[in-house]
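Participant: this is a predicted model, with the sequence first.
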Amino acid sequence: MPVIQVTAPSAGPDRDAARLTALCRAVAGELGLPGSGVVAALAPVSVTVTGETPVAAWPLAVVHGSPRPAAAMDAALRALGRAMAEEWGVPQGEVWTEWSAGRLVPVTGEARG
């Protein structure tokens, strides 16, 4: 199950939930999963700087999940980026997405990757 970790400004619980739902749907749609097959969590950010200058936050998302075919991961990340740009009202060039498929070590069970 892919997990989307989002770092972006918060708009309050209801709006944040709607945004995260949209992101789950976008990624699930590209991966052929049901909407409930993707989880998203928001880590709200209040300040972003570039060097020493405060700037508007760039929404950032990391998808944690098992490796999939490159085309599938690319399509999911593009859909995620478009959804993030729309939901946070920023240009697509100001959104950053990444797929992390490193070594997964659950608290119980076997390590994977």
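Facilitator: Cool, the structure landed.
Participant: the strands in the chain, which residues?
Facilitator: Counting by DSSP state E, the chain has strands at residues 3-8, 39-44, 48-50, 53-55, 60-64, 96-100.
Participant: what about the closest residue to Arg19 other than its chain neighbours, neighbour count?
Facilitator: Spatial nearest neighbour of Arg19, chain neighbours left out: Glu87 (4.3 Å); criterion: Cβ to Cβ, 6 or more residues apart in numbering. Yep, even glycine has a C-beta here, placed from its N, CA and C like the rest. Per other Cβ atoms under 10 Å, the neighbour tally for Glu87 reads 22.
Participant: go on, the one 3 residues further on?
Facilitator: Taking other Cβ under 10 Å as the neighbour definition, Val90 ends up with a count of 17.
Participant: now for it: which residues touch it?
Facilitator: By Cβ atoms under 8 Å, 6 or more residues apart in numbering, the contact set of Val90 is 56, 58-59, 84.
Participant: same thing but at 10 Å, please
Facilitator: 8-9, 56-59, 84 (Cβ atoms under 10 Å, 6 or more residues apart in numbering).
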